[in-house]
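Peer 1: A predicted structure for the sequence below; I have some questions about it.
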Amino acid sequence: MNELIYLNLGGVKLSKKVTKEFTANLPKAELHLHIEGTLEPDLKLKLAKRNHIDIGQDTIEEVQKTYEYDDLASFLSVYYPAMEVLQKEEDFYELAFEYLKRAASNNVRHVEIFFDPQAHTSRGVAFGTVINGLYRAVVDARALNVDAALIMCFLRDFSKESARKTLLESLPYKDKFIGVGLDSDEHNNPPLKFARQFEDAAAQGLHLTAHCDIDQKESIDHIRQALEIMGVERLDHGTNIVEDPDLVQFVANKKIGLTSCPLSNGYVSPEMKGKEVLELLAQDVKVSIHSDDPAYFGGYIGDNYYAIAKNFDLTKDQVVQLAKNSFETSWISDEKKALYLKELDEYVTAN
Ligand code: ADE
Ligand code: ZN
């Protein structure tokens, strides 16, 4: 266990232990975080009351009891209906600002937040209501010393026409988000279904990423489409890539980031995929650690770092490399990257 490893240098005993405190305070970038997945039970109950919506539960324990899932589809069937409590701009603001306070307490220096407009517009909430609320929180997060940005995701189980309409709807707000992603149920919904929308988004100067969830029936095909045809800059999850050495070489050479989420993986599959993360690290792939839907999967980003470090005996160097990768594959300027990487170096020296 890494808890037991010590370096004895000239009589000075340096702890190599990866502690919970070390992972919590480590400067990091969060690149795989669904804002709707940060809806904690207490906020869910508060918003339900405020918006006069009967969600069928009155206590935190009752809400938690509904959190029964063991794969992506069963998770999504709990996740989407819960969003009904989000109705007004203020609700989206509060959701995002509450999350950003937690991010600050995990020393998240930069965060790129996913949001799912179609999960809201499809139930009558205007696109502007969603993005204006979220964006106001992004601006206010500067006071928390958290640098935040938004990524708009298309729901892949909706039609490509719906994605096209969403992209058109988003363009008047183009200065409020930096990229597009692809999420929701991957089964029978390959990345290529959205090739045209991704091409149009890229033409608008937006960054591109896509979920290639773990252990899907067609994981490798989907990863190949996302990388070779759609030209994504990152893969969300994507750790099944270890099954194809050529694709691993491709992402390593092009420095494409893979955003892995250990606690979420542990819920929707029997494993956190720590072995795969270590294998990718060893092959110089820019893999990093994130939290996906922390209110549903039992922990925020520091908890995810600690879970993988503890369960797979990661060294401090490996943990630090994961944090470095998060900054290096983020969509910020080279100047900002250099600043955060320097902060990370100083943290490591001091700890
Ligand atoms: N939406 C929220 N979390 C997701 C996940 N892990 N995969 C796909 N879509 C999601
Ligand atoms: Zn995700």
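Peer 2: Here it is on my side, so go on. Ligands and ions are numbered 1, 2, ... in the order given.
Peer 1: run a quick neighbour tally on the residue in the chain that ligand 1 sits nearest to.
Peer 2: Nearest residue of the chain to ligand 1 (Cβ to the nearest ligand atom) works out as Asp183 at 3.5 Å. Yep, even glycine has a C-beta here, placed from its N, CA and C like the rest. Other residues lying near Asp183 total 23 when counted by other Cβ atoms under 10 Å.
Peer 1: can you tell me who it pairs with across the strands?
Peer 2: Applying DSSP bridges to Asp183 yields these beta-bridge partners: Leu155.
Peer 1: show me the contacts for it.
Peer 2: His34, Phe114, Asp116, Cys153, Phe154, Leu155, Arg156, His211, Asp236 (Cβ atoms under 8 Å, 6 or more residues apart in numbering).
Peer 1: near ligand 1, which residues of the stretch 51-200 of the chain?
Peer 2: Residues of the stretch 51-200 of the chain lying near ligand 1 by Cβ under 6 Å from any ligand atom: Leu72, Asp183, Ser184.
Peer 1: in the helix or strand hosting Glu276, which residues are buried?
Peer 2: Secondary structure assigned from DSSP states H and E places Glu276 in helix 274-282. By neighbour count with 16 or more other Cβ atoms under 10 Å, helix 274-282 contains the buried residues Gly274, Glu276, Val277, Leu278, Glu279, Leu280, Leu281.
Peer 1: ditto for stretch 39-56
Peer 2: Using 16+ other Cβ under 10 Å as the test for burial, stretch 39-56 gives Leu39, Glu40, Pro41, Leu43, Lys44, Leu45, Leu47, Ala48, Ile55.
Peer 1: and for the residue nearest to the first one when sequence neighbours are not counted, the neighbour number?
Peer 2: The one in question is Leu39. Leaving aside its chain neighbours, Leu39 sits nearest to Ala295 (5.4 Å; criterion: Cβ to Cβ, 6 or more residues apart in numbering). Residues contacting Ala295 under the criterion other Cβ under 10 Å number 26.
Peer 1: quick one: pLDDT of Ala295?
Peer 2: In this model, Ala295 is scored at 98, pLDDT.
Peer 1: so who does it touch?
Peer 2: For Ala295, the contact set (Cβ under 8 Å, 6+ apart) comprises Gly37, Thr38, Leu39, Glu40, Pro41.
Peer 1: name the next helix or strand downstream of whichever strand or helix holds it, please.
Peer 2: Using DSSP H and E, Ala295 falls within helix 294-297. Toward the C-terminus, helix 294-297 is succeeded by helix 301-311 as the next helix or strand (DSSP H and E).
Peer 1: and the closest residue to Lys176 other than its chain neighbours, how far is that from Arg50?
Peer 2: Take Lys176 and drop its neighbours on the chain: the residue closest to it by Cβ to Cβ, 6+ apart is Tyr135, 4.4 Å away. Here Tyr135 is placed at a distance of 21 Å from Arg50 (Cβ to Cβ, to the nearest Å).
Peer 1: same question for Arg164.
Peer 2: 34 Å.
Peer 1: do Ser288 as well
Peer 2: Distance, Ser288 to Arg50, by Cβ to Cβ: 36 Å.
Peer 1: go on, Leu171?
Peer 2: For Leu171, the distance to Arg50 equals 31 Å [Cβ to Cβ].
Peer 1: do the same with Tyr267
Peer 2: 29 Å.
Peer 1: in its sheet, what does the strand or helix carrying Phe114 sit against?
Peer 2: Under the criterion of DSSP H and E, Phe114 resides in strand 108-115. Using DSSP bridges, strand 108-115 pairs in its sheet with strand 28-34 (parallel), strand 147-155 (parallel).
Peer 1: give the rounded mean pLDDT of the next helix or strand along the chain from the first one.
Peer 2: Tracing the chain past strand 28-34, the next element assigned as helix or strand by DSSP H and E is helix 41-50. On average, the pLDDT along helix 41-50 is 98.
Peer 1: likewise stretch 335-351?
Peer 2: The predicted model gives stretch 335-351 an average pLDDT of 98.
Peer 1: swap in stretch 320-330?
Peer 2: The average pLDDT for stretch 320-330 rounds to 98.
Peer 1: same deal with stretch 90-98?
Peer 2: 98.
Peer 1: give me the contacts around stretch 230-239.
Peer 2: Contacts for stretch 230-239 (Cβ under 8 Å, 6+ apart): 31-32, 179, 181, 183, 191-192, 194-195, 198-199, 202, 207-214, 223, 226-227, 241, 251, 256-261, 265, 273, 276-277, 280, 287, 329, 331.
Peer 1: what about that stretch, how long is it end to end?
Peer 2: Stretch 230-239 has an end-to-end distance of 18 Å (criterion: Cα to Cα, to the nearest Å).
Peer 1: again with stretch 114-123
Peer 2: Taking Cα to Cα, the first and last residues of stretch 114-123 lie 19 Å apart.
Peer 1: so which bits of that stretch are buried?
Peer 2: For stretch 114-123, the neighbour count (16+ other Cβ under 10 Å) marks Phe114, Phe115, Asp116, Pro117, Gln118, Ala119, His120, Thr121 as buried.
Peer 1: now swap in stretch 312-331 and tell me
Peer 2: Neighbour counts over stretch 312-331 (16+ other Cβ under 10 Å) mark 312-314, 316, 318-331 as buried.
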